[in-house]
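Undergrad: The following comprises the amino acid sequence and a computationally predicted model.
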Amino acid sequence: MLCDKCKKNEAKIYYTEIINGEKTEQHLCEECATEYTSFPMGTAFMDQEITLGSLLSTILGNYYNSSNVTDRAEKEIRCEGCGMTYSEFMREGRFGCAKCYDSFQNILDGSLKNIQGSENHTGKKPKGFETKTQKLVKELSELDKLSIRLQDAVEKEEFEEAAKLRDKIRQLKKEEIGNA
């Protein structure tokens, strides 16, 4: 596949950018990626092992270097658990302990919101992905599912729906007794 920008070189980089909730996708060669994106694509960068931590560190580092976030005190917040500073996190590309996220949450939430337009991940799910809840619900019997729906209807004071569900449950129980 050829590069979307120069239309000459082979595209080796798939670049997705989300700005103000609008998503653009591009297939770029290394030269165009260096020119049009905020990632350093020189040979020094390409020779390094790319990890999730180094990628996150690069993204946040580029964001901080290009924005007006210059408050040194904010960058030097320390984690209560391990003592890691935000600057150390940026250098390492990963947290020191589980409490780091809580310690740096205010900085990270703002950064992520500015970078991707939201604090929440809204990416793709793999085909066939099921949450634990979905798996549990699949394993329930029809009678159990109806009982849960009945309880929910009663809690919401939807008594007509509750009566219909109660009748279905009674019918299923009669059928089970008749088949036994």
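TA: Right, received. Where do you want to start?

Undergrad: Can you pull the poorly scored residue ranges out of the chain?
TA: Within the chain, the stretches with pLDDT under 70 are 36-75, 109-124, 126, 180.

Undergrad: Where do the strands of it begin and end?
TA: Assigned strands in the chain, in chain order: 13-19, 22-28 (criterion: DSSP state E).

Undergrad: Let's have those in CSV, adding distance to residue 106 and mean neighbour count.
TA: Just so you know, the C-beta spots here come from the backbone N, C-alpha and C atoms, and that holds for glycine as well. Putting the strands of the chain into CSV (distance: least, C-beta to C-beta, whole Å; neighbours: other C-beta atoms under 10 Å) gives the following:
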stretch, distance to residue 106, mean neighbour count
strand 13-19, 22, 13
strand 22-28, 26, 13
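
Undergrad: Nearest approach to residue 76 belongs to which of these?
TA: Distances from residue 76 to each of the strands of the chain were compared using C-beta to C-beta; the minimum, 29.5 Å, belongs to strand 13-19.

Undergrad: Break down the protein into its helices, ranges please.
TA: Using DSSP state H, the helices of the chain run over residues 30-36, 43-46, 52-66, 72-75, 86-92, 100-116, 132-139, 142-155, 159-179.

Undergrad: count of neighbours near residue 154?
TA: Close neighbours of residue 154, defined as other C-beta atoms under 10 Å, add up to 14.

Undergrad: got the contact list for the closest residue to it other than its chain neighbours?
TA: Nearest-residue entry for residue 154: residue 162, 5.1 Å, with adjacent residues in sequence omitted and distances by C-beta to C-beta, 6 or more residues apart in numbering. With C-beta atoms under 8 Å, 6 or more residues apart in numbering as the criterion, the residues that contact residue 162 are 150, 153-154.

Undergrad: Throw those residues into TSV and include distance to residue 82, thanks.
TA: Listed next are the contacts of residue 162 as TSV, based on distance: C-beta to C-beta, whole Å:
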residue	distance to residue 82
150	49
153	48
154	48
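
Undergrad: distance of residue 147 from residue 140?
TA: Here residue 147 is placed at a distance of 9 Å from residue 140 (C-beta to C-beta, to the nearest Å).

Undergrad: So for those two, which sits in the more crowded spot?
TA: Higher neighbour count among residue 147 and residue 140: residue 147, with 16 against 12, using other C-beta under 10 Å.

Undergrad: and the residue nearest to that one when sequence neighbours are not counted, what does it touch?
TA: Once its chain neighbours are removed from consideration, residue 147 has its nearest residue in residue 169; the separation is 6.5 Å (C-beta to C-beta, 6+ apart). By C-beta under 8 Å, 6+ apart, the contact list for residue 169 reads 143, 146-147, 150.
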